[in-house]
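**Q** Got a predicted structure plus its sequence, pasted below:
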Amino acid sequence: MSKVTVVGAGNVGATCANVLVTQNIADEVVLIDIKEGLAEGKAMDIMQTANILGLNSRLTGVTNDYEKTAGSDMVVITSGIPRKPGMTREELIGVNAGIVKSVTENILKYSPNAIILCVSNPMDTMTYLIHKTSGLPKNRIIGMGGALDSARFKYFLSLALGACATEVEGIVIGGHGDTTMIPLVRYAAYRGIPASTYLPEEQLQKVAADTMVGGATLTKLLGTSAWMAPGAAAAQVVASVLHDSKKLISCSALLDGEYGEKDLCIGVPCILGKNGIEKIVEFELTDAEMDLFRASAAAVHKTNAALSC
């Protein structure tokens, strides 16, 4: 029996919980939120599709009762607030850091062996905070960002190729931000053949540029942050861990010399299995790609400096 807790019943958290149960990824899912009745309502709404969709998983919503999360194999943290008008970046980091730190403490009180997946923004920095304050081994803390960014990259690549999205490959490394992510165009492929065989460099660069502003584009269209793909990307990471799939997925991981960086959480290719991050895969990068990665790492280090942990 597998058990997953999703902290935060907002759009992303509820979507993640929905994918976890509708895809039968986990046997039991607990959706928890601080707002009275929100998690219960969304869980009830989702579970009323059980007969229609033939669900075998069980979803329960609770209000701020972490005892109900006890024994979770994996915990997805989506908690936090969006940046408000007049709020500085440092203030946002301070507020969300307090929320994420408190959630982590509550989770580990009842599920000391859980693997933690961080979705809260700024994602690389919040993942780093969990490393610094939880005392967990680094393989048990994962940041979701690269999984989402890579999914967006493959979406735009499939549009450019006129191909099925499940038949293209692409990966994004670097920070989870529209100026820090690095779509690795050189490694993009369609059915194992380099995408550059089918698309000119100019078009590939447009695919990369569209990927980098993918989140901002959706925010402009929707009037709020996206939630479908982020929630599904989080569920994809959970599935790879729970099912010991050994999938290669870009995730924010704590580096210790890999890619020339230390004491930093940033998106890199990872093998995910039952132990969490089982291996960080070091792709061979060109000098230009490495320069982009160093610049991305420097930006994430700068954001981390706002933490008071």
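**A** On my side now, so go ahead.

**Q** For the rest of this, base every contact and every neighbour count on C-alpha atoms.
**A** Will do.

**Q** tell me which residues form a beta bridge with the spatially closest residue to residue 208 that is not a sequence neighbour?
**A** Nearest residue to residue 208, sequence neighbours excluded (Cα to Cα, 6 or more residues apart in numbering): residue 183, at 5.7 Å. Taking DSSP bridges as the rule, residue 183 bridges to residue 172.

**Q** For residue 183, which residues are in contact?
**A** 150, 153, 170-173, 208, 211-212 (Cα atoms under 8 Å, 6 or more residues apart in numbering).

**Q** between these, which is closest to residue 33?
**A** Residue 33 lies nearest to residue 150 out of the contacts of residue 183, by Cα to Cα, at 28.3 Å.

**Q** Do I have it right that the closest one meets residue 171?
**A** Yes - using Cα atoms under 8 Å, residue 150 is in contact with residue 171, at 4.8 Å.

**Q** Please name the nearest non-neighbouring residue to residue 80.
**A** Nearest to residue 80 is residue 96, by Cα to Cα, 6+ apart, at 5.1 Å.

**Q** buried stuff in the strand or helix carrying that neighbour?
**A** Using DSSP states H and E, residue 96 sits in helix 89-110. Residues 92-93, 96-101, 103-104, 106-108, 110 are the ones in helix 89-110 that count as buried (16 or more other Cα atoms under 10 Å).

**Q** Got the domain ranges for this protein?
**A** Per automatic domain parsing, the structural domains of the chain span 3-144, 146-304.

**Q** can you list these in a markdown table and add mean pLDDT?
**A** Converted to a markdown table, these look like this (pLDDT from 0 to 100):
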| stretch | mean pLDDT |
| --- | --- |
| domain 3-144 | 95 |
| domain 146-304 | 97 |
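
**Q** coming back round to it: got CSV for the buried residues of helix 89-110, with distance to residue 55 too?
**A** Output for the buried residues of helix 89-110, formatted as CSV (distance: Cα to Cα, whole Å):
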residue, distance to residue 55
92, 38
93, 38
96, 34
97, 36
98, 36
99, 32
100, 31
101, 33
103, 29
104, 29
106, 29
107, 26
108, 29
110, 27
